[in-house]
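Novice: sequence first, predicted coordinates after that:
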Amino acid sequence: MSMSMSSYIFPVQTAFFIFVIIAMFLLVPWLIYGYRKDGFFSWSRFAISFSFIFYILAAYCLVILPFPTTRNTCAQQAADTVYYNLVPFTFVKDIMKETPIVWSQPSTYMGMIQGRAFLQILFNVLLLMPLGIYIRYFFQKRSCWKYALLGGFGLSLFFEITQITGFYGYYSCPYRLFDVDDLLSNTSGAVLGFFAAPILLALFPSRASIQAKSEQIVEQNQVFPIPQLLALIIDGVVVVFLSNLLSIFSLSSTDVINSAANTTIAMLIVLFLIPSIRDGNTPGSALMRFRYVRRQTGKPSMPLLFKRWLALYVPWLMFTMIRLVNDYAFVNNDSVLEPYKVWISIGMIGLYMLLFGALFIHVILVLFSRGSRSFYCDHVSNIRASRK
């Protein structure tokens with residue numbers, strides 16, 4: 001794992017780029033998982049979990065990057081190149097060789113600390129220290145230090161195998177050294193991180209406190225706006241899927257009116273029929289572990305569920321009508337409409353933006369209300385979200 005200090009920036013930048021892409025795909029599933037598990041969004045758990053993903057990516061990229069410029073790495077190396085070191089504690093000899101130390105002269109200690117061999121072994125220890133910290137957080141108990149030992153050794157061995165195989169055979173020869181000292185130093189770093197973890201983890205809420213807050217939320221029957229919004233998004237995805245499925249059996253799947261009819265049926269099924277049959281649960285609310293009930297009684301009501309469906313259907317219908325009017329004005333070749341096409345288009349776009357803006361502001365206000373506001377569809381239908 002021998003690397004110069006200047007070689008660290010590129011692997012970390014690459015890891016960050018990959019992490020951003022992965023995080024984009026994992027964010028919504030993680031929100032769903034978090035709300036299903038705890039009933040609220042824990043910033044500390046989010047930070048620890050996503051930082052763990054970034055850390056693993058960064059550690060891996062530091063080990064494998066930069067790649068050689070050619071697959072035929074054998075041609076760039078001498079015939080007698082040795083690709084492995086199986087003698088433990090060779091780093092001690094390397095340190096003493098590079099920076100001779102006179103124990104009676106403390107001034108020579110600084111030269112040792114600044115030497116390449118010492119910095120390399122220090123880097124290898126630090127590389128897997130965070131792994132020990134994460135293992136301590138995930139398993140909590142001090143007696144689980146064995147997991148840090150096995151985890152550190154296993155991950156280090158994976159890194160070394162990646163190197164000795166030339167990135168799993170992609171390159172003709174290994175482009176980095178398999179070093180048993182790396183195994184020792186990496187594993188030691190993971191164990192040190194495990195025992196040092198309480199110093200850092202004191203800054204974050206414990207898993208016990210998160211669990212206590214989760215139990216309190218369940219007891220108080222609280223459903224925050226974000227899980228309700230996630231449930232609406234999930235229901236929307238199901239509506240789109242069901243609408244497309246219905247279009248397969250339609251005679252004219254490209255007709256706009258027919259498409260609107262399919263979406264209407266899909267919304268009616270997902271937002272009214274299913275919750276009416278399944279005790280107030282839509283597909284989205286069931287996934288988020290809550291249901292829609294009457295505010296006063298705490299029980300589902302078909303008339304109120306229908307009102308809620310209608311409250312969600314009307315804005316969608318208005319967006320659809322705006323699009324139909326705009327499309328009709330430009331498709332129709334009627335000479336009477338010709339002078340007004342531009343104004344009709346401007347009016348429809350303005351109306352569309354006004355409606356969209358009102359809904360967007362409403363959603364933002366509800367999300368930042370900390371539960372004091374309800375989404376309009378629940379307010380007008382006298383419905384609330386309930387975990388019981």
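Specialist: Looks like it came in fine.

Novice: quick one: residues in contact with the helix-or-strand element of the chain with minimal mean pLDDT.
Specialist: Ranked by mean pLDDT, DSSP states H and E, the weakest helix or strand in the chain is helix 207-220, scoring a mean of 72. Contacts of helix 207-220 with the rest of the structure, by Cβ atoms under 8 Å, 6 or more residues apart in numbering, involve Lys37, Asp38, Gly39, Phe40, Ser42, Ser44, Arg45, Tyr137, Gln140, Arg387. No exception for glycine: its C-beta is placed from N, CA and C like everyone else's.

Novice: need the strands for the stretch 101-250 of the chain, in chain order.
Specialist: In the stretch 101-250 of the chain, the strands defined using DSSP state E, counting those that start in this stretch lie at 178-179.

Novice: what about the helices in the stretch 151-300 of the chain?
Specialist: Counting by DSSP state H, counting those that start in this stretch, one finds helices in the stretch 151-300 of the chain at the ranges 166-169, 180-201, 207-220, 225-248, 256-268, 274-277, 283-287.

Novice: just so I know, which of these lies nearest Tyr109?
Specialist: helix 180-201 (19.7 Å; Cβ to Cβ).

Novice: buried ones in the closest one?
Specialist: Going by neighbour count (16 or more other Cβ atoms under 10 Å), the buried part of helix 180-201 is 181-194, 197, 201.

Novice: what's the answer for stretch 285-301, then?
Specialist: Across stretch 285-301, burial judged by 16+ other Cβ under 10 Å covers Ser285, Ala286, Leu287, Met288, Arg289, Phe290, Arg291, Tyr292, Val293, Arg294, Pro300, Ser301.

Novice: dihedrals phi and psi, Tyr84?
Specialist: Here is the backbone geometry of Tyr84 (degrees, to the nearest 10): phi -150, psi 160.

Novice: I'd say it and Asp182 touch.
Specialist: No: taking contacts as Cβ atoms under 8 Å, Tyr84 lies outside contact range of Asp182: 10.6 Å.

Novice: give me the below-cutoff pLDDT ranges for the protein.
Specialist: Filtered on pLDDT under 70, the chain yields the residue ranges 1-6, 217-218, 250-254, 328-341.

Novice: tell me the spacing between the closest residue in space to Thr162 that isn't next to it in sequence and Tyr171.
Specialist: Excluding the flanking residues, the one nearest Thr162 by Cβ to Cβ, 6 or more residues apart in numbering is Ile64, at 6.1 Å. Using Cβ to Cβ, to the nearest Å, Ile64 is found at 11 Å from Tyr171.

Novice: those two: which has the busier surroundings?
Specialist: More crowded of Ile64 and Tyr171, by other Cβ atoms under 10 Å: Tyr171, with 18 against 15.

Novice: sounds good, over and out.
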